[in-house]
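J.: Based on what follows, work out the 3D shape:
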Amino acid sequence: MLTAARLGAAALTAALLTGTAAAPALADTPTPGAGATALPEGLYGKGDPTYDAVWRQSLSLTALAAAKVTPADSAVSWLTGRQCADGGWLSYRADVSAACDPTQADSNATAAAIQALVALGGHQDAVDKGVQWLKANQNADGTWAYNPGNPGDANSTGLAVNALFAAKADPAGVAKAGKNAFDGLATFQLGCAAPADQRGAFVYQSAPDAAGEANALATGQTSLAAAGGKLPVTNTNRTDAAPKPLTCTDGATAAPVPRADSGEAVAAYLTTQLASDGQHLMLKLAGATPTPDYTATAWAVLGLVQGGHPQQAAGAVDWLAKEGGTWTKGGTDAAATATLLLVAQAAQRDPATFGGSDLVAQLTALGPAPKAVAANGSPTASASETAKKDDGGGLSTYWVLGIGLLIGIGGGLLLSLQRKRGARP
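T.: Alright, predicted model coming up:
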């Protein structure tokens with residue numbers, strides 16, 4: 001799940017998405033005192049890693065790889081070193097010497113890790129093991145759950161499909177009991193039997209006796225899978241026409257949305273919702289005032305761009321550029337910052353000036369100093385780390401520049417005084 005939905009264990013995640021619980025806030029840094037969680041070396045972010053360590057690490061590595069930043073070896077080995085023997089990942093594996101509890105495996109973390117390792121390149125064995133884990137833990141209806149053995153949900157299924165696309169494993173060929181991954185995805189999409197204003201949206205979990213209600217986060221996040229995409233989004237195709245909504249006849253009965261129509265249907269729904277809510281999606285929890293949902297909006301952008309509709313995503317991109325600093329807590333939340341960077345990249349906006357922030361610099365500052373930054377990447381963070389460390393503690397680049405500047409200023413003043421003295425009678 002995403003940042004807003006990864007603030008607790010799987011039960012809390014389900015409650016958040018179905019609107020039955022309020023989201024607790026995580027501190028930007030671990031709370032001092034008893035019970036504080038020490039941050040492991042190589043991990044991005046300053047917050048408690050218990051529930052989102054692999055998730056935020058994977059998003060960070062994916063976004064930085066797309067920005068042509070070569071991450072530190074410690075950042076990559078932290079992720080690969082947490083893979084369980086069966087190929088999956090836990091949300092956070094604090095003790096790598098202890099065997100993983102398979103019931104606590106996190107399908108969302110696993111899917112994100114697979115995409116990160118594909119983006120980095122050179123980790124095919126780990127990718128293959130991760131894909132095998134996804135295949136082994138697919139439900140009989142073609143879906144995936146947050147933790148194995150539970151009913152599937154839209155977000156987990158969508159992320160698994162993203163990972164399969166990234167690993168070049170055709171989701172249509174990944175099946176259990178005759179139901180493939182696309183069949184699983186379709187169980188959550190509202191079709192012609194739903195009210196007209198909800199058609200194309202996704203529910204979090206399908207209910208046996210009801211069509212369910214559109215869920216903003218489930219819809220936004222799953223839209224990337226419906227559009228046939230993965231992280232990072234690099235699609236540059238553009239369809240100038242507006243997304244095509246479902247074509248329905250009067251009295252239509254419940255039936256899965258055809259795979260060929262899924263991406264356009266959710267894009268049409270998202271376009272309408274963004275336009276009606278000020279170019280962002282809303283988080284609506286029972287008994288609470290609706291608030292802007294940054295995470296859902298970001299993934300809606302990724303899905304729209306992947307589907308060839310960047311023009312329909314442009315308003316949401318502008319909104320995220322303006323308001324994203326609140327979401328990322330000024331660039332100190334690794335998962336949010338990485339997701340915002342992925343949005344800027346997908347929308348072909350300059351990450352160095354996105355909303356007045358240098359997202360690459362902010363993200364690199366949240367982890368170990370990168371090995372290299374490409375010439376067309378953001379040099380800020382790499383340069384600052386060089387200034388701090390400079391090969392074992394000698395004079396840093398900034399000190400040398402500063403001393404040179406002072407010398408230049410002093411020399412200029414001296415020459416000026418000499419000229420003034422020479423002009424006096």
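J.: give me the low-pLDDT residue ranges for the stretch 151-300 of the chain?
T.: Within the stretch 151-300 of the chain, the ranges that satisfy pLDDT under 70 run 207-211.
J.: got the residue ranges for the strands in it?
T.: Per DSSP state E, counting those that start in this stretch, the stretch 151-300 of the chain carries strands over the ranges 175-176, 179-180, 282-283, 291-292.
J.: Which strands or helices does the last one pack on?
T.: Looking back up the chat, that one is strand 291-292. strand 282-283 (3 or more Cβ pairs under 8 Å, 6 or more residues apart in numbering; DSSP states H and E). For the C-beta atoms, the positions are set from N, CA and C on the backbone; glycine is no exception.
J.: coming back round to it: which one of the strands of the stretch 151-300 of the chain lies closest to Leu270?
T.: Among these, the nearest to Leu270 by Cβ to Cβ is strand 282-283 (12.4 Å).
J.: distance between that closest one and the chain's centre?
T.: 18 Å (Cα atoms, centre = their mean, to the nearest Å).
J.: residues in contact with it?
T.: Ala4, Ala216, Leu217, Pro290, Thr291, Pro292, Asp293, Ala296 (Cβ atoms under 8 Å, 6 or more residues apart in numbering).
J.: One more: stretch 228-239?
T.: Contacts for stretch 228-239 (Cβ under 8 Å, 6+ apart): 59, 62-63, 65-66, 112, 115-116, 118-119, 162-163, 165-166, 224, 263, 302-303, 305-311, 342, 345-346, 348.
J.: and those, which are buried?
T.: 59, 62-63, 65-66, 112, 115-116, 118-119, 162-163, 165-166, 224, 263, 302-303, 305-310, 342, 345-346 (16 or more other Cβ atoms under 10 Å).
J.: Could you check how many residues crowd around the spatially closest residue to Ser262 that is not a sequence neighbour?
T.: Closest residue to Ser262 apart from its sequence neighbours, by Cβ to Cβ, 6 or more residues apart in numbering: Ala226 at 4.4 Å. Around Ala226 there are 30 other residues, counting by other Cβ atoms under 10 Å.
J.: same check, this time on Ala275
T.: 12.
J.: how long is stretch 40-47 end to end?
T.: 11 Å (Cα to Cα, to the nearest Å).
J.: Just the buried positions in that stretch, please.
T.: Pro40, Gly42, Leu43, Tyr44, Gly45, Lys46, Gly47.
J.: and these as CSV, adding distance to Val127 and secondary structure?
T.: Below are those laid out as CSV (distance: Cβ to Cβ, whole Å; DSSP: H, G, I helix; E, B strand; the rest coil):
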residue, distance to Val127, secondary structure
Pro40, 23, coil
Gly42, 20, coil
Leu43, 21, coil
Tyr44, 20, coil
Gly45, 23, coil
Lys46, 29, coil
Gly47, 27, coil
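J.: out of those residues, what pair is the most spread apart?
T.: Spatially, the most separated pair among the buried residues of stretch 40-47 is Gly42 and Gly47, at 15.4 Å (Cβ to Cβ).
J.: Now render the buried residues of stretch 40-47 as CSV, adding pLDDT and distance to Ala336.
T.: Formatted as CSV, those follow (pLDDT from 0 to 100; distance: Cβ to Cβ, whole Å):
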residue, pLDDT, distance to Ala336
Pro40, 90, 20
Gly42, 97, 20
Leu43, 98, 16
Tyr44, 98, 12
Gly45, 97, 10
Lys46, 92, 12
Gly47, 94, 11
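J.: Out of those residues, the closest to Ala374 would be?
T.: Using Cβ to Cβ, these come closest to Ala374 at Tyr44, 19.1 Å.
J.: In this structure the closest one contacts Pro370, no?
T.: No. Tyr44 lies out of contact with Pro370 (Cβ atoms under 8 Å); the separation is 11.1 Å.
J.: quick one on the thing from earlier: please name the residues that touch the residue nearest to Ser262.
T.: Ala226 neighbours (Cβ under 8 Å, 6+ apart): Gly158, Leu185, Gln189, Phe202, Ser262, Gly263, Ala265, Val266, Gly303, Gly307.
J.: ok, His280 touching Pro290?
T.: No. Between His280 and Pro290 there is no contact under Cβ under 8 Å: 10.9 Å.
J.: More neighbours: which of these two?
T.: His280 (22 against 12).
J.: Next one: the more buried one relative to Val203, how far apart?
T.: 20 Å (Cβ to Cβ, to the nearest Å).
J.: Which strands or helices does the helix or strand hosting Leu302 pack on?
T.: According to DSSP states H and E, Leu302 maps onto helix 294-306. When contacts are defined as 3+ Cβ pairs under 8 Å, 6+ apart, helix 294-306 packs onto helix 216-226, helix 259-276, helix 310-327, helix 334-346.
J.: which one of the ones you listed lies closest to Gln104?
T.: Short answer: helix 334-346, nearest of those by Cβ to Cβ, at 19.9 Å.
J.: And the average pLDDT for whichever helix or strand comes after that closest one is what?
T.: Per DSSP H and E, helix 334-346 leads on to helix 359-364 as the next helix or strand towards the C-terminus. Averaged across helix 359-364, pLDDT comes to 98.
J.: For the helix or strand that helix 359-364 is followed by, which helices and strands make contact with it?
T.: Per DSSP H and E, the first helix or strand lying C-terminal to helix 359-364 is strand 372-373. With contacts defined as 3+ Cβ pairs under 8 Å, 6+ apart, strand 372-373 has these neighbours: strand 69-70, helix 380-393.
J.: Parallel or antiparallel, list what pairs with strand 372-373.
T.: Applying DSSP bridges, strand 372-373 is found paired with strand 69-70 (antiparallel).
J.: and the partner strand, how far from the chain's centre?
T.: Using Cα atoms, centre = their mean, the offset of strand 69-70 from its chain centre is 18 Å.
J.: Buried residues in the very next helix or strand once past that strand, which are they?
T.: Using DSSP H and E, the helix or strand that directly follows strand 69-70 along the chain is helix 73-80. Within helix 73-80, the residues scored as buried using 16+ other Cβ under 10 Å are Ala75, Val76, Trp78, Leu79.
J.: For Ser97, state which of those residues is nearest.
T.: Trp78 (15.0 Å).
J.: Read off the pLDDT value for the closest one.
T.: 98.
J.: quick one: contacts for it?
T.: Pro40, Glu41, Gly42, Leu43, Gln57.
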